[in-house]
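1. Model the following, please.
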Amino acid sequence: MIIGVIIRNFKNFKNQHYIPLTLNNKSSWLIGENGVGKSSILQALDIVLNKTDINRLDINNEARSQGFDTREPFIVPIYLINKNKLKINNSLYKALEIVSDITWQIESEDFNTLQRPLAEKFISHRKQLEYKYSSDEYLLIPLGIIKETANDIPRPYMSIFESIDDYRLQIDDLANENSSTNNKKYHFNNILPKLLITIKDIYNYIYLPAEITTSEYSRIESDLLQSLLGENLQQKISKIIKKKDITAINSHLNDFIRQLTTKLEGRYQFKKPSQRQNSFTQRHMISKIIESYFSDKILHHIDDVNKETPVQNLSSGEKRKALLDLATNFLKHNPQKSQHSTILAVDEPELSLHATSCFNQFDKIKKISDLGIQTICTTHWYGFLPVTGSGTAIYISPSQTYIKALDLENYKDELKELAKESNGSYLDVLEMKSNHDLAQSIVYSITSGNNYNWILCEGKTDKKYISAHLDYENIEKLIVLSVGGSPTVKKIYNLLVMALEDRKATISGKVLLL
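-> Numbering: from 1, shown residues only. All right, here's what the predicted structure looks like:
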């Protein structure tokens, strides 16, 4: 799971910001006005986890015009990794443990004055996570990339954490322990790239952008299938393609390159970019086989009259629906497959969809997160709140001056706290839009053949009391929601009455407002 990310001078983000991504659940929603950087966060994670050669970063325009000096763009995700799920060599595991132990223990006072405001945000977030996640069971690793000059390939980087000497000193000590010679094989600067490669191997980050072209759809569908079919398919192919065969292939290819260089009489030579692996691996081979096999297998959508349409010919919104259907069904029918490292990131799931289709779209995402998959989505449709019932909404204010994680279990109470902290600056738009979208969501969920049941009460204590009693009733499709006081209950009631005035005959569910 990725619990947060530190970003500086990347796309919409000027200067550095800490963005918390989860509080107590694997479902996260980035909300805020257009242009605040919601999509940039998803793209930043995609760059770190999926791009093998990063020759350039999409740098913030103002930072680029002012030069790189002291404004180097970086992206540093903070990973929460279950120790029991790791299968790596002992030296790398010890290095990860060192990084994790220090990250779990450091306090804001350990950072310098300039770094302290950012450190305090991380420490505050970490303390919230400690209620659910233990340092005995989970590694906490801050590691990403930085681009130091305009022409440099980004290198592994830990952001403000690199200023803590303990990281470097303890990893250097580990190098001296394990090195058979005096050369520091596992020196801090040398081990960071290996740790980043290890982390990238742990995660399957699937990113569905807002606009999906035909060519992009084919790539995303292939990535999604490989991730969902995952280890089972790879293991079967690996039994056929042995590692010794890959070693032989690499040996022949290296000989071929040396012969070519000789023929070029020393005037030219083939070299790899500095951050690329030198050899072709078994994993590369298996990935290419799967990619090639599915490249000409076209997914078709079958409608109610059995008409088949290639999914790549559907609209952008329908493509996204198909990809979510694909993910949901694969995961639902493979309950034994461990998905701890899969992250599904969706940019505006509601885009290009009619309002009546949004409810089902968000319900699918909720089901995916209920299966243990971390989902991170951006959205402008706030009717998703009752659909999730849990998770985290991350509000980003205009100009990114205020970034706050809201617990969706008590969303209305969290909004009141947000209003108090910001002197009411961000409440009006959020509350008004969430009330209207919530009413819209309720209307759709109790009409058009849907039969959800709702109980809307005032506060979170009421919700806990009602939920505890109804646990014994086994009522299907029941949603109990606290809305933060009687005035909000009345507002939502009035919105529902107006919306349902001419649709009474279509009502198939129930709503009780207390």
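
2. From here on, just use CA atoms for contacts and neighbour counts.
-> Will do.

3. in the stretch 351-500 of the chain, what spans have low per-residue confidence?
-> Within the stretch 351-500 of the chain, the stretches with pLDDT under 70 are 355-356, 385-389, 424-431.

4. Now do stretch 11-30, average pLDDT.
-> The average pLDDT within stretch 11-30 is 90.

5. what's the answer for stretch 115-134, then?
-> Averaging pLDDT along stretch 115-134 gives 95.

6. got it, and stretch 326-334?
-> Here the average pLDDT along stretch 326-334 is 71.

7. now do stretch 243-250
-> 83.

8. buried ones in it?
-> Neighbour-count burial for stretch 243-250, counted by 16 or more other C-alpha atoms under 10 Å, picks out 246, 250.

9. Low-confidence regions, the stretch 51-200 of the chain specifically.
-> Ranges of the stretch 51-200 of the chain meeting pLDDT under 70: 52-70, 176-186.

10. All the helices of the stretch 351-500 of the chain, in order from the start?
-> In the stretch 351-500 of the chain, the segments counted as helices under DSSP state H, counting those that start in this stretch are 355-370, 384-388, 411-421, 427-446, 460-470, 486-500.

11. looking at the ones you listed, which is buried most?
-> Highest mean neighbour count among the helices of the stretch 351-500 of the chain (mean count of other C-alpha atoms under 10 Å): helix 384-388, with a mean of 22.

12. can you redo the helices of the stretch 351-500 of the chain as a markdown table with distance to Met1?
-> Below are the helices of the stretch 351-500 of the chain laid out as a markdown table (distance: least, C-alpha to C-alpha, whole Å):
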| stretch | distance to Met1 |
| --- | --- |
| helix 355-370 | 12 |
| helix 384-388 | 18 |
| helix 411-421 | 23 |
| helix 427-446 | 27 |
| helix 460-470 | 28 |
| helix 486-500 | 35 |
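
13. Residues in a beta bridge with the residue nearest the centre of the chain, which ones?
-> Geometric centre of the chain, nearest residue: Ile376, 4.4 Å, by C-alpha atoms, centre = their mean. Counting by DSSP bridges, Ile376 is bridged to Ser28, Ala345.

14. related to what we said a few turns ago, so for Ile75, which of the helices of the stretch 351-500 of the chain sits nearest?
-> Proximity to Ile75 (C-alpha to C-alpha) singles out helix 355-370 among those, at 24.7 Å.

15. Give the other helices and strands that the closest one contacts.
-> Helix 355-370 is packed against helix 316-332, strand 374-378, helix 384-388, helix 427-446, with contacts defined by 3 or more C-alpha pairs under 8 Å, 6 or more residues apart in numbering; DSSP states H and E.

16. for the residue of the chain most remote from its centre, helix, strand, or coil?
-> Most distant residue from the mean C-alpha position of the chain: Glu265, 49.4 Å away (C-alpha atoms, centre = their mean). Put simply, Glu265 is coil when judged by DSSP: H, G, I helix; E, B strand; the rest coil.

17. all numbers from here: first residue = 38
-> Understood, numbering begins at 38; the last thing we discussed is Glu302.

18. one step back: now do the contacts for the residue nearest to the centre of the chain.
-> When contacts are counted by C-alpha atoms under 8 Å, 6 or more residues apart in numbering, Ile413 touches 58, 64-67, 79, 380-383.

19. and those residues, which two are the farthest apart?
-> Across these, the longest distance by C-alpha to C-alpha is 14.9 Å; it joins Leu67 and Ile380.

20. before we move on, the earlier item: so which of the helices and strands packed on helix 392-407 gets nearest His289?
-> Counting by C-alpha to C-alpha, His289 lies closest to helix 353-369 out of those; the figure is 39.1 Å.

21. show me the contacts for the nearest residue to Ser482 once chain neighbours are set aside.
-> Spatial nearest neighbour of Ser482, chain neighbours left out: Tyr489 (5.6 Å); criterion: C-alpha to C-alpha, 6 or more residues apart in numbering. The neighbours of Tyr489, taking C-alpha under 8 Å, 6+ apart as the test, are 482-483, 513-516, 545-547.

22. Would you list the phi and psi of Tyr489?
-> Torsion angles at Tyr489 (phi, psi; degrees, to the nearest 10) stand at phi -70, psi 150.

23. cool, and Tyr55?
-> Torsion angles, degrees, to the nearest 10, at Tyr55: phi -100, psi 120.

24. That one contacts Arg45, doesn't it?
-> No - counting by C-alpha atoms under 8 Å, Arg45 is not a contact partner of Tyr55; they are 9.1 Å apart.

25. Show the backbone phi and psi for the residue farthest from the centre of the chain.
-> Residue torsions, per degrees, to the nearest 10, at Glu302 are phi 60, psi 30.

26. Neighbours of the closest residue to Asn487 other than its chain neighbours, how many?
-> In space, and not counting its chain neighbours, Asn487 is closest to Ser545: 6.3 Å by C-alpha to C-alpha, 6+ apart. Close neighbours of Ser545, defined as other C-alpha atoms under 10 Å, add up to 15.

27. Ser545: what's it in contact with?
-> 483-489.

28. Where do the domain boundaries of the protein fall?
-> Domain assignment for the chain, taken from automatic domain parsing, gives 39-240, 269-332, 378-550.

29. For the stretch 188-337 of the chain, just list every one of the helices.
-> Here the stretch 188-337 of the chain has its helices, by DSSP H, counting those that start in this stretch, at 202-215, 225-239, 251-275, 280-300, 319-332.

30. out of those, nearest to Glu387?
-> Judged by C-alpha to C-alpha, the one of the helices of the stretch 188-337 of the chain that comes nearest to Glu387 is helix 251-275, at 17.2 Å.

31. For that closest one, the averaged confidence score.
-> pLDDT averaged over helix 251-275 gives 66.

32. Who's the closest spatial neighbour of Glu134, skipping the chain neighbours?
-> The spatial neighbour of Glu134 that comes closest, neighbours along the chain excluded (C-alpha to C-alpha, 6+ apart), is Leu176 at 6.8 Å.

33. Does the one you found belong to a helix, a strand or coil?
-> The three-state assignment at Leu176 reads strand, by three-state DSSP.

34. any idea how far it is from Val534?
-> Leu176 sits 50 Å away from Val534 when distances are taken as C-alpha to C-alpha, to the nearest Å.

35. cool, and Ala187?
-> Remark: distance between Ala187 and Val534 (C-alpha to C-alpha) = 59 Å.

36. Buried residues, the helix or strand that Val85 is a member of. List them.
-> For Val85, the host element (DSSP states H and E) is helix 75-87. For helix 75-87, burial by neighbour count (16+ other C-alpha under 10 Å) applies to 75-82, 84-87.

37. List the buried residues for stretch 195-209?
-> By 16+ other C-alpha under 10 Å, the buried positions in stretch 195-209 come out as 195-198, 204-205, 207-209.

38. hmm, who's touching it?
-> For stretch 195-209, contacts defined as C-alpha under 8 Å, 6+ apart pick out 43, 111, 113, 132, 135-136, 139, 147-148, 152, 156, 179-182, 221, 223-225.

39. Phi and psi next, for Val113.
-> Torsion angles at Val113 (phi, psi; degrees, to the nearest 10) stand at phi -130, psi 100.

40. mind checking how far it is from Pro179?
-> Distance from Val113 to Pro179, counting by C-alpha to C-alpha: 6 Å.

41. now swap in Ile125 and tell me
-> Per C-alpha to C-alpha, Ile125 is found 18 Å from Pro179.

42. Pick out whichever of the two has more residues nearby.
-> Taking other C-alpha under 10 Å, Ile125 and Pro179 do not tie; Pro179 has more neighbours (25 against 10).

43. pretty sure the more buried one contacts Ile112?
-> No - counting by C-alpha under 8 Å, Pro179 does not reach Ile112; the two are 10.1 Å apart.

44. what do the two both touch?
-> Contact criterion C-alpha under 8 Å, 6+ apart; no residue bridges Pro179 and Ile112 by contacting each.
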